[in-house]
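*Asks:* predicted model follows, preceded by the sequence.
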Amino acid sequence: MEFLKGHGTQNDFVLLPDPAARLDLTPARVAALCDRQRGIGADGVLRVVRAADFGVESAGEWFMDYRNADGSIAEMCGNGVRVFVRYLVDAGLAAGPEFVIGTRAGDRPVVVREDGTVTVQMGPATITGSSVTMVGEQSFSGVAVDVGNPHLVSFTEDDVAGLDLRDQPAFDGDFFPEGVNLEFVNALGEGHLRMRVYERGVGETRACGTGTVAVVAAAQHLAGLESAESVVDIPGGRVVVTVAPGESTLTGPAEIVARGELDEAWWAANG
Ligand SMILES: N[C@H](CCC[C@H](N)C(=O)O)C(=O)O
């Protein structure tokens with residue numbers, strides 16, 4: 001069974017082509033695939049299914065069935081969509097530089113740019129309130145943002161590089177009953193942010209596409225601006241985000257690293 005490995009600003013994924021949606025992709029298999037010792041190793045899995053075969057409505061032919069490394073399902077993955085698009089274009093499965101990808105958060109129009117980067121229409125980034133999080137003994141007051149998936153964005157004057165994100169920061173489970181992605185941000189100047197993230201269902205990752213949209217939306221909200229464009233530096237690289245009322249975009253790189261064959265016995269034993 002074919003698999004590919006790819007990443008978007010070092011947020012890495014196992015990609016499983018499954019056009020007829022026949023794979024029995026259990027949470028246990030996802031967790032095993034993402035395990036960096038007993039599996040391939042990744043932050044998540046991108047299963048490539050035809051929307052029609054997956055029983056979902058989409059203006060696009062292809063649906064991204066995204067799973068977090070712990071096996072949980074999330075509504076959307078911004079870095080994952082770019083890698084998904086790179087695969088479709090390289091495999092000759094997508095016509096032209098502009099098309100639509102189906103996701104659990106809805107359809108996402110994409111554009112493959114001349115320089116190889118991918119721009120994703122990320123939909124609305126909606127401020128849903130404020131809440132708190134704790135990293136060790138340090139507490140932060142954050143801005144809650146819905147980008148199709150939940151985020152809590154905390155700005156700090158201290159260099160985010162100094163935060164110890166080895167453990168899950170505490171958060172308000174009543175405010176975020178489905179869990180939350182936690183971003184910690186330095187404002188570096190007009191239209192320039194630096195971010196680290198502890199992702200729901202994964203842990204700290206080197207990048208989070210929906211998270212970069214959330215942090216720009218939070219910065220715009222706090223500045224009382226109608227719209228914003230920002231470069232966001234994450235440990236895995238740099239993306240460009242725009243946020244306006246009811247819409248947002250994410251632009252960044254996407255790389256396919258490897259192609260291979262999953263061992264059938266391994267697949268059967270890890271279900
Ligand atoms: N962990 C996230 C999904 C992946 C988001 C991230 N990898 C991205 O690029 O947007 C969640 O549970 O909502």
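*Replies:* Received the coordinates, thanks. Numbering: from 1, shown residues only.
*Asks:* give me the number of residues near the closest residue to residue 48 other than its chain neighbours?
*Replies:* Spatial nearest neighbour of residue 48, chain neighbours left out: residue 17 (4.8 Å); criterion: C-beta to C-beta, 6 or more residues apart in numbering. (Glycine included, C-beta is placed from N, CA and C.) Neighbours of residue 17 under the rule other C-beta atoms under 10 Å: 18.
*Asks:* what ranges does the stretch 1-150 of the chain have for its helices?
*Replies:* 27-34, 51-54, 78-90 (DSSP state H, counting those that start in this stretch).
*Asks:* give me the mean pLDDT for the top helix by length along the chain.
*Replies:* Secondary structure of the chain per DSSP state H: the longest helix is helix 209-223. Helix 209-223 shows a mean pLDDT of 97.
*Asks:* can you show me the CA trace of it as PDB?
*Replies:* Taking Å, rounded to 0.1, in the frame of the first residue of the first chain, the C-alpha atoms of helix 209-223 are listed here in PDB:
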ATOM      1  CA  GLY A 209      -1.300  26.700   9.500                       C
ATOM      2  CA  THR A 210      -4.700  27.300  11.100                       C
ATOM      3  CA  GLY A 211      -2.800  28.600  14.100                       C
ATOM      4  CA  THR A 212      -1.000  31.300  12.000                       C
ATOM      5  CA  VAL A 213      -4.400  32.500  10.700                       C
ATOM      6  CA  ALA A 214      -5.700  32.500  14.300                       C
ATOM      7  CA  VAL A 215      -2.800  34.700  15.500                       C
ATOM      8  CA  VAL A 216      -3.200  37.200  12.800                       C
ATOM      9  CA  ALA A 217      -6.900  37.400  13.400                       C
ATOM     10  CA  ALA A 218      -6.200  37.900  17.100                       C
ATOM     11  CA  ALA A 219      -3.600  40.600  16.400                       C
ATOM     12  CA  GLN A 220      -6.100  42.400  14.100                       C
ATOM     13  CA  HIS A 221      -8.800  42.200  16.700                       C
ATOM     14  CA  LEU A 222      -6.600  43.600  19.500                       C
ATOM     15  CA  ALA A 223      -5.400  46.400  17.200                       C
END
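*Asks:* and that helix, how far out from the chain middle?
*Replies:* Centre-to-centre, helix 209-223 and its host chain are 14 Å apart (C-alpha atoms, centre = their mean, to the nearest Å).
*Asks:* touching the ligand at all, it?
*Replies:* Yes. On the criterion C-beta under 6 Å from any ligand atom, helix 209-223 is in touch with the ligand at 209-210.
*Asks:* can I see the domain layout of this structure?
*Replies:* 2-121+254-269, 126-245 (automatic domain parsing).
*Asks:* how about the very next helix or strand once past the longest helix of the chain: buried residues?
*Replies:* Per DSSP states H and E, the first helix or strand lying C-terminal to helix 209-223 is strand 228-234. Within strand 228-234, the residues that count as buried by 16 or more other C-beta atoms under 10 Å are 228, 230-234.
*Asks:* give me the element residue 186 is part of.
*Replies:* Element membership for residue 186 (DSSP H and E) is strand 181-189.
*Asks:* report the buried residues of that strand.
*Replies:* Buried residues in strand 181-189, counted by 16+ other C-beta under 10 Å: 181-187.
*Asks:* could you do stretch 236-256 as well?
*Replies:* For stretch 236-256, by 16+ other C-beta under 10 Å, it's 236-237, 239-244, 248-254, 256.
*Asks:* next: stretch 1-21.
*Replies:* The neighbour-count check on stretch 1-21 (16+ other C-beta under 10 Å) flags 3-18, 21 as buried.
*Asks:* now do stretch 72-88
*Replies:* Those would be 72, 74-88, for stretch 72-88 by 16+ other C-beta under 10 Å.
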